[in-house]
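Peer 1: how would this look folded up:
(chains A and B)
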There are 2 protein chains.
Amino acid sequence: MAHLAPELDIRIWPEIGDAAEIEYALVWRPEPGLLASLPNLKLILSLGAGVDHILCDPQLPAGVPIVRLVDPYLTDAMGEYVALQVLQLHRRDLDYRAQQQAEVWRELAQKNAGERPVGILGFGEIGQAVGGKLAALGFPVSGWGRRERTIAGFRTYAGAGGLSQLLTESEILVCLLPLTPETTGILCARTFAAQLSAAALDVFRVEPLPPGHPFWRHPRILVTPHIAGTTNPRTAAAIVLDTIRRCEEGRSLLNQVDPSRGY
Amino acid sequence: MAHLAPELDIRIWPEIGDAAEIEYALVWRPEPGLLASLPNLKLILSLGAGVDHILCDPQLPAGVPIVRLVDPYLTDAMGEYVALQVLQLHRRDLDYRAQQQAEVWRELAQKNAGERPVGILGFGEIGQAVGGKLAALGFPVSGWGRRERTIAGFRTYAGAGGLSQLLTESEILVCLLPLTPETTGILCARTFAAQLSAAALDVFRVEPLPPGHPFWRHPRILVTPHIAGTTNPRTAAAIVLDTIRRCEEGRSLLNQVDPSRGY
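Peer 2: Model prediction:
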């Protein structure tokens, strides 16, 4: 950012100098109370697509708009990650790895992607891009979201009834939902009762995943350290600067968060 | 096949009765000499895309045409397998699995598919279909084959010089070549010197891969038991029957093998 916009006075926390001089806060998991300590804050920018790490601050200043990062580079990365994990589950990679360890040569029953319906929870910008990659691989893709919507090439569902139907129809489920009061715990015993045989997990309630947590050693769980869609400094810097310019010029903000909705 | 074409007299080896009555042989790794023992054979049909398992028979009857199986279902399966393995290498899955085993939470440097050129050796029907799936995931794809050809959306190379160039440009290499005298050993020390960090292997010189073979336990090698593109009885039966009908009606055969070329 300093390279792209040398006119900006960029300060790295905790060396931020006079708190009253800070107008824009670019954050990932800010310390609770930190944002409230900046009296002249104009805008809060999330360094990632999620904003639950900001909204969970009990002292979050109410009047300051929040913008989340929507970066096609990150969206692509997320799509690659999901494609990888869906293909791993689809092509029985866990079983083949176990066989390799035991030096077992055995062909396992298999079907093609076209016979393996995938459901995506969260079907906004990221969900649809991910769905596009899965569809290109041949998977029939359905999407579920908060609102009813029609999207060419996909079956879409909404609401509690729609969720049951999506679960019934899907053999692999992808959860891309933002963490909000409405979505917390949506993947629960009732959801999993549908027939859960394996899981690939990238995001956890507590991060890093604590040592000794049973997920680490579970033979049917793939753990990755929240890297499905990481922020790319090169592409993200340009987007952040554009957001700051829009704000300075009084133009409407893109990807502004609705705190009541939670994302 | 019996269901689709009840008029056919289908015999399963070794219960084939009078060898002189056999007109069509549908084979996968036939015993050397078996085909030569069928005096009235009209056509040999491979049960898979490869035919090296037939051509290696020193007693192969010279005048009998050979047809390989070209089945879109198998081609799709192959594309899914390659997409899985390429994504695993691209997204450092081996490293993340090792980290999981050690309960290590660490983000590793990553780039997007668009920054990871993939080269495909063997750019015929299967190679191009596989390339299409990889391109849909965002990978820049180049293809190398025996003959020069121009294919929209891909860089293409041919010949020995083209091979060096493809190797220089590619970070991940996919080998889909038929096994012929020309391609045997094409992946050799000189090829690998380019910077080899991991491999996913599905096909081996000796199958099953013998117990104790170092590939089984190598931490940077993924072994699968020749399942990238397995023959699907449902779809293959219809294609085989169509081939037999064409032969009966004296029409030209599709996907006939040129023994001098080796595929």
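Peer 1: Next, give phi and psi for the most centrally placed residue in chain A.
Peer 2: Per C-alpha atoms, centre = their mean, the C-alpha nearest to the average position across chain A is that of A:Leu176, at 5.2 Å. Its backbone dihedrals place A:Leu176 at phi -120, psi 20, with angles given as degrees, to the nearest 10.
Peer 1: do you know how far it is from chain B?
Peer 2: According to C-beta to the nearest C-beta, to the nearest Å, A:Leu176 stands 17 Å off from chain B. Yep, even glycine has a C-beta here, placed from its N, CA and C like the rest.
Peer 1: what does A:Gly63 give?
Peer 2: 34 Å.
Peer 1: Please report the number of neighbouring residues for that residue.
Peer 2: Per other C-beta atoms under 10 Å in any protein chain shown, the neighbour tally for A:Gly63 reads 5.
Peer 1: Dihedrals phi and psi, it?
Peer 2: The phi and psi values for A:Gly63, taken as degrees, to the nearest 10, are phi -90, psi 0.
Peer 1: quick one, longest helix in chain A?
Peer 2: helix A:72-90 (DSSP state H).
Peer 1: Run through the residues of the stretch 151-263 of chain A sitting next to chain B.
Peer 2: Of all the residues in the stretch 151-263 of chain A, those in contact range of chain B (C-beta under 8 Å from any C-beta of the partner chain) are A:207-209, A:211-212, A:216, A:222-227, A:230, A:232.
Peer 1: ok, of these, which one's closest to B:Glu182?
Peer 2: Relative to B:Glu182, the closest of these is A:Leu222; by C-beta to C-beta it sits at 39.9 Å.
Peer 1: Now do the SS call for the closest one.
Peer 2: Classification of A:Leu222 into helix, strand or coil gives strand, according to DSSP: H, G, I helix; E, B strand; the rest coil.
Peer 1: name the element the nearest residue to it once chain neighbours are set aside belongs to?
Peer 2: Taking C-beta to C-beta, 6 or more residues apart in numbering or on different chains as the measure, A:Leu222 lies nearest to A:Ala200, with 4.1 Å between them; neighbours along the chain are not counted. In this structure, A:Ala200 sits in strand A:199-201 according to DSSP states H and E.
Peer 1: Given that strand, what are its sheet partners and their directions?
Peer 2: Strand A:199-201 has its sheet partners listed here by DSSP bridges as strand A:221-223 (parallel).
Peer 1: downstream neighbour of the partner strand in the secondary structure list?
Peer 2: The helix or strand immediately downstream of strand A:221-223 is helix A:233-248, counting by DSSP H and E.
Peer 1: Which residues does that following helix contact?
Peer 2: A:1, A:4-5, A:8, A:24, A:26, A:42-43, A:45, A:47, A:67, A:69-74, A:252-254 (C-beta atoms under 8 Å, 6 or more residues apart in numbering or on different chains).
Peer 1: Tell me the confidence at A:Ser260?
Peer 2: Reading off the per-residue confidence, A:Ser260 sits at a pLDDT of 89.
Peer 1: do A:Tyr263 as well
Peer 2: Per-residue confidence at A:Tyr263 stands at 89 (pLDDT).
Peer 1: Quick check: closest non-adjacent residue to it.
Peer 2: Counting by C-beta to C-beta, 6+ apart, the residue nearest A:Tyr263 is A:Pro178, at 3.6 Å.
Peer 1: before we move on, what about A:Asp9?
Peer 2: Leaving aside its sequence neighbours, A:Asp9 sits nearest to A:Glu21 (C-beta to C-beta, 6+ apart; 7.8 Å).
Peer 1: Hmm, that neighbour is touching A:Lys42, no?
Peer 2: No. Proximity of A:Glu21 to A:Lys42 does not meet the contact threshold set by C-beta atoms under 8 Å, at 11.8 Å.
Peer 1: Of the contacts of helix A:233-248, which belong to helices?
Peer 2: Residues of the contacts of helix A:233-248 located in helices (DSSP H): A:72-74.
Peer 1: Between the residues of the stretch 151-263 of chain A next to chain B, which sits nearest chain B?
Peer 2: Taking C-beta to the nearest C-beta as the measure, chain B lies nearest A:Pro208 of these, at 3.5 Å.
Peer 1: check contacts around the closest one.
Peer 2: Residues touching A:Pro208, when contacts are defined by C-beta under 8 Å, 6+ apart, comprise A:225, B:105.
Peer 1: now A:Trp28
Peer 2: With contact set as C-beta under 8 Å, 6+ apart, A:Trp28 has these partners: A:46-48, A:53, A:231.
Peer 1: now do 10 Å
Peer 2: A:45-48, A:50, A:53-54, A:69, A:231 (C-beta atoms under 10 Å, 6 or more residues apart in numbering or on different chains).
Peer 1: quick one: is stretch A:111-125 near chain B?
Peer 2: Yes. Residues of stretch A:111-125 contacting chain B under C-beta under 10 Å from any C-beta of the partner chain: A:111-116.
Peer 1: packing partners for the helix or strand bottoming out on mean pLDDT in chain A?
Peer 2: Of all helical and strand segments in chain A, the minimum by mean pLDDT, DSSP states H and E falls on helix A:189-192, at a mean of 84. Helix A:189-192 is packed against helix A:159-169, strand A:172-175, with contacts defined by 3 or more C-beta pairs under 10 Å, 6 or more residues apart in numbering or on different chains; DSSP states H and E.
Peer 1: any idea which of those is most buried?
Peer 2: By mean neighbour count, with neighbours taken as mean count of other C-beta atoms under 10 Å in any protein chain shown, strand A:172-175 ranks first of those at a mean of 21.
Peer 1: in its sheet, what does that one sit against?
Peer 2: If you go by DSSP bridges, strand A:172-175 pairs up with strand A:118-121 (parallel).
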